[in-house]
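A.B. asks: quick check, what structure comes out for this input:
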Amino acid sequence: MIELTELTKVFERGETRHAALNGVSLTVQRGEIAAVIGPSGAGKSTLARCINMLERPSSGRVVLDGEDLTALRERHLREARRSIGTVFQASSLLSRKTAAQNVALPLDFLEVDRGQRDERVHELLDRVGLGDRGDAYPHELSGGQRQRVGIARALALRPSVLLSDEATSGLDPATTKSVLAMLSQLRDDLSLTIILITHEMDVVREIADRAALLEEGRIVEEGRLQQLMRDPASALGASLLPHPAPAAADGESDVWRVHYVSDRVDPDWIGGLSRALDAPVSLLAASIESVGADPVGRATIALPPRDPQLVRDRLAASGLHGEPVIGGLATAGEQLVPAVPALSEAA
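C.D. replies: Next comes the predicted model:
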């Protein structure tokens, strides 16, 4: 488990002070995958460097499995830092060393016995699906394969936490999906705690158990994915599962936004609503999927004018929350809910 408590990082240049992090608190349990997301300049890179203590925070604490890393002197910190493996965006492999030699670097630094080193390197390359590419140089590997080597190297010292700093940025969708599947499997096999620093919403939805939104050095929203995506008021949830562009409704119908707020939503909620209101209900748009085994979804519907409280009550009986769209239906491409700004930008 890793706990960040009131983490602050202030950079000073002459008389200028810039707080890149301002009171960040976050707890990630052992075996959990947490994503920290936010727009460019939010402080994600600084947070990553403070988590692995490559950058000492100005104040606050980083506690790993009960040990306060921020209180350690440099020699003891070097030892404790081995419990955090880091995977970088560009994999950072040494071009003149083979895949096996790159994986072996942390073990060579600790002067691990050659036989034990080679056994560990072979085990790790097998685990990331590159058991037959140990003699290949980075330029002979694809981008996804280089990242797999980087992940193997990050695991060399058997860390309890794996920090992924934009590790899938720049990879094609198929390669990203395979790397994420591997990370999820590693989490399960090794009971790893994984922290993803990312700006890619698809990555968060694919693998994370929880997410935190970082803006201007502060965490402004945080929770489990199901919780966020079921909260109609959550801007982060709306960005994780946005409303699709709806079809047009006739001018005589009321338009409603509907959110799944329960894991027991009636599959025939549209039919049930129509029967309860004795009125036709049209589905204009919907985005429904599963997070783990739990359904999440958003929909836009149209129905003849009815008492709003009655509609809300009938939707609630089916595990849904609904609100009428005030001012008519949004045009195609216009979002019906607020979204987190600029998360499509590279960090």
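A.B. asks: give me the pLDDT for A332.
C.D. replies: Note on A332: pLDDT of 33.
A.B. asks: same thing with T27?
C.D. replies: As predicted, T27 sits at a pLDDT of 96.
A.B. asks: pretty sure it sits against M1.
C.D. replies: Yes. Judged on C-beta atoms under 8 Å, T27 makes contact with M1 at a distance of 7.1 Å. (C-beta placed from N, C-alpha, C; glycine too.)
A.B. asks: buried stuff in the longest helix along the chain?
C.D. replies: Longest among the helix segments of the chain by residue count, using DSSP state H, is helix 173-190. Across helix 173-190, burial judged by 16 or more other C-beta atoms under 10 Å covers T175, T176, K177, S178, V179, L180, M182, L183, S184, L186, R187, L190.
A.B. asks: contacts only, for the fourth one.
C.D. replies: Spelled out, it's S178. Shown in contact with S178 (C-beta atoms under 8 Å, 6 or more residues apart in numbering): G144.
A.B. asks: for stretch 83-91, what is the average pLDDT?
C.D. replies: In this model, stretch 83-91 has an average pLDDT of 85.
A.B. asks: list the contacts of it.
C.D. replies: 48, 51-53, 64-65, 138, 146-147, 149-151, 153-157, 159-167, 169-170.
A.B. asks: in it, what's buried?
C.D. replies: For stretch 83-91, the neighbour count (16+ other C-beta under 10 Å) marks S83, I84, G85, T86, V87, F88, Q89, S91 as buried.
A.B. asks: report the beta-bridge partners for the fourth one.
C.D. replies: Under the criterion DSSP bridges, T86 forms beta bridges with L163.
A.B. asks: quick one, phi psi at the residue of the chain positioned farthest from its centre?
C.D. replies: In the chain, counting by C-alpha atoms, centre = their mean, D278 sits farthest out from the average C-alpha position, at 42.6 Å. Here is the backbone geometry of D278 (degrees, to the nearest 10): phi 50, psi 50.
A.B. asks: pLDDT at it, what is it?
C.D. replies: D278 carries a pLDDT value of 95.
A.B. asks: next: the one 10 residues further on.
C.D. replies: pLDDT, I288: 88.
A.B. asks: and for the one 3 residues further on?
C.D. replies: Confidence at V291, expressed as pLDDT, is 80.
A.B. asks: count of neighbours near it?
C.D. replies: The tally of other residues near V291 (other C-beta atoms under 10 Å) stands at 20.
A.B. asks: now H199
C.D. replies: Neighbour number of H199 under other C-beta under 10 Å is 22.
A.B. asks: could you measure from the nearest residue to V62 once chain neighbours are set aside over to V281?
C.D. replies: Nearest residue to V62, sequence neighbours excluded (C-beta to C-beta, 6 or more residues apart in numbering): L69, at 4.6 Å. From L69 across to V281, the span is 55 Å (C-beta to C-beta, to the nearest Å).
A.B. asks: now do D68
C.D. replies: Here the criterion is C-beta to C-beta. By it, D68 lies 56 Å from V281.
A.B. asks: who's more crowded, these two?
C.D. replies: Remark: of D68 and V281, V281 carries more neighbours, 20 against 13, as counted by other C-beta under 10 Å.
A.B. asks: re the thing from before, spit out the contact partners of the residue nearest to V62.
C.D. replies: M53, R61, V62, V63, L77, A80, R81.
A.B. asks: can I get the buried part of those as one PyMOL selection?
C.D. replies: Here is the PyMOL command that selects the buried residues among those (16+ other C-beta under 10 Å):
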select buried, resi 53+62+63+80+81
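A.B. asks: hmm, which two among the contacts of L69 are most spread apart?
C.D. replies: R61 and R81 (15.2 Å; C-beta to C-beta).
A.B. asks: so is A302 in a helix, a strand, or just coil?
C.D. replies: strand (DSSP: H, G, I helix; E, B strand; the rest coil).
A.B. asks: is it in contact with A249, as I believe?
C.D. replies: Yes. In this structure, A302 is within contact of A249 by C-beta under 8 Å, at 3.9 Å.
A.B. asks: so for those two, which sits in the more crowded spot?
C.D. replies: More crowded of A302 and A249, by other C-beta under 10 Å: A302, with 21 against 18.
A.B. asks: quick one, what contacts that one?
C.D. replies: A249, D250, S253, D254, V255, W256, V281, S282, L284, L329.
A.B. asks: out of the residues you listed, which end up buried?
C.D. replies: The neighbour-count test (16+ other C-beta under 10 Å) applied to the contacts of A302 identifies A249, S253, D254, V255, W256, V281, S282, L284, L329 as buried.
A.B. asks: and the fourth one, which helix or strand is it part of?
C.D. replies: Right, V255. strand 254-260 (DSSP states H and E).
A.B. asks: which residues of this structure fall in helices?
C.D. replies: Using DSSP H, helices in the chain cover 44-51, 74-80, 99-109, 114-127, 143-154, 173-190, 201-207, 225-229, 235-240, 269-277, 308-317.
A.B. asks: contacts for the third one, please.
C.D. replies: Yep, that's helix 99-109 we're talking about. 82, 93-94, 97, 116-118, 120-122, 124-125, 130, 133-138, 141, 145, 149-150, 152-153, 156-157.
A.B. asks: returning to what we had before: between the buried ones among the contacts of A302, which is nearest L315?
C.D. replies: Nearest member of these to L315, counting by C-beta to C-beta, is W256, at 8.0 Å.
A.B. asks: V112 and R120 touch, don't they?
C.D. replies: Yes. Applying C-beta under 8 Å, one finds V112 in contact with R120, separated by 7.5 Å.
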